[in-house]
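Novice: predicted structure and sequence below. I'll ask about it afterward.
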Amino acid sequence: MWIDGRVLCLLAVLAWGHDQLFSLINFMDFSTRLISYDSAYKSSYFLPIQPTDLDVLVKIHGDLFPIRYEIEFFHNVVHGHDIVSWGAVDRNRPNGESDELIGFVTARIIMAKESEIEDMLRYDKSRSDQALVYILTLGVVESYRNFGIATSLIREVIKYGSSMPNCRAVYLHVISYNNSAIHLYQKMSFLCVRRLNSFYFINGQHYDAYLFIYYVNGGRSPCSPLELVTLLVTYMRRGLKLVSSRVWKKGEKNVGPKRVKYRDKGTLLPMTQQNKRNISIEGPENDHV
């Protein structure tokens, strides 16, 4: 006898209990997602991007990023001209799509002394060969997200940087509103060391960026935790002295000119603020959103 599925669910609820049934449904849903994750992850392979990937690479960048890259950038990627890259493919994809890119990461080797983060590194500056790896772009097509593919691509870059004895760090920029990317890098132990105001210029509007660093091969911040605390205390003391100096000067004005002859001849110079860095990035070379 054929019984409607809804009737079976009702009978199951009556016989077993509402909470137990929904626990089973949730477990089955979790198991299905876990199998999908395991299947997608295990069938993914990471290979250098090839010239045959050019069209797909251009399309994915256009779909994922608000920035339009010059075709020269893509040619440099697929031919390995000053850019290293890894592409993710799913060998289980049907209809001849098993070699089609589902994710990618592109990066460039930069000399430490020529980089913008030289002040964030402690290294032997007498050596001119000290290098860094800068991540240019990273992306995964929407249907393959949350399977750990982006994490694996970043690990490939870290492994590559670690294999270079003269490499001291991997670093990148993230646009300030990309919370998922920020969370990913924090989870992978990247350090957020700086916020850059108006770093990106997209569609006529400026956006801030965060600078993330992952130190390798003994590379580290120029300041130890103790040194950072000491520096903070020093700045706080200077700030208090500046405030007290201004209060003292204001009090002198209220007392009158006769008080001036009792003033200390020494003066406290206020701290100068570092000039703002306004960097508008419109080309492909340093855009990582």
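Specialist: Sure, I can see it. Numbering: from 1, shown residues only.

Novice: can you give me the neighbour number for Gly219?
Specialist: Number of residues near Gly219 (other C-beta atoms under 10 Å) recorded here: 20. From N, CA and C alone the C-beta is placed, and that goes for glycine too.

Novice: that one belongs to a helix?
Specialist: No: with DSSP: H, G, I helix; E, B strand; the rest coil as the criterion, Gly219 is coil rather than part of a helix.

Novice: the spatially closest residue to it that is not a sequence neighbour: helix or strand, and which one exactly?
Specialist: Using C-beta to C-beta, 6 or more residues apart in numbering and skipping the chain neighbours, the partner closest in space to Gly219 is Arg168 (3.1 Å). Applying DSSP states H and E as the criterion places Arg168 in strand 167-175.

Novice: touching, the residue nearest to Gly219 and Met111? I think so.
Specialist: No: between Arg168 and Met111 there is no contact under C-beta atoms under 8 Å: 10.7 Å.

Novice: find the residues that touch each one of these two.
Specialist: Residues touching both Arg168 and Met111 by C-beta atoms under 8 Å, 6 or more residues apart in numbering: 130-132.

Novice: okay, and which of these map to strands?
Specialist: Assignment to strands by DSSP state E places the following of the shared contacts of Arg168 and Met111 there: 131-132.

Novice: most neighbours among the shared contacts of Arg168 and Met111, which one is it?
Specialist: Busiest of the shared contacts of Arg168 and Met111 [other C-beta under 10 Å] is Leu132, holding 28 neighbours.

Novice: any stretches of the chain with poor pLDDT?
Specialist: 1-44, 95-98, 122-126, 222-239, 241-289 (pLDDT under 70).

Novice: show me how it divides into domains.
Specialist: 5-37, 45-220 (automatic domain parsing).

Novice: so which of these is the most surrounded?
Specialist: The highest mean neighbour count among the domains of the chain, using mean count of other C-beta atoms under 10 Å, belongs to domain 45-220: a mean of 17.

Novice: tell me which helix or strand Leu211 sits in.
Specialist: strand 205-215.

Novice: and that strand, what does it pack onto?
Specialist: For strand 205-215, the packing partners by 3 or more C-beta pairs under 8 Å, 6 or more residues apart in numbering; DSSP states H and E come out as strand 167-175, strand 191-202.

Novice: quick one: which of those is nearest Tyr45?
Specialist: For the helices and strands packed on strand 205-215, the distance to Tyr45 is smallest for strand 167-175, at 21.9 Å, taking C-beta to C-beta.

Novice: what sits against the closest residue to Met120 other than its chain neighbours?
Specialist: Spatial nearest neighbour of Met120, chain neighbours left out: Val193 (5.6 Å); criterion: C-beta to C-beta, 6+ apart. By C-beta under 8 Å, 6+ apart, the residues touching Val193 are 117, 120, 211-213, 221.

Novice: if we go to 7 Å?
Specialist: Residues near Val193 by C-beta atoms under 7 Å, 6 or more residues apart in numbering: 120, 211, 213.
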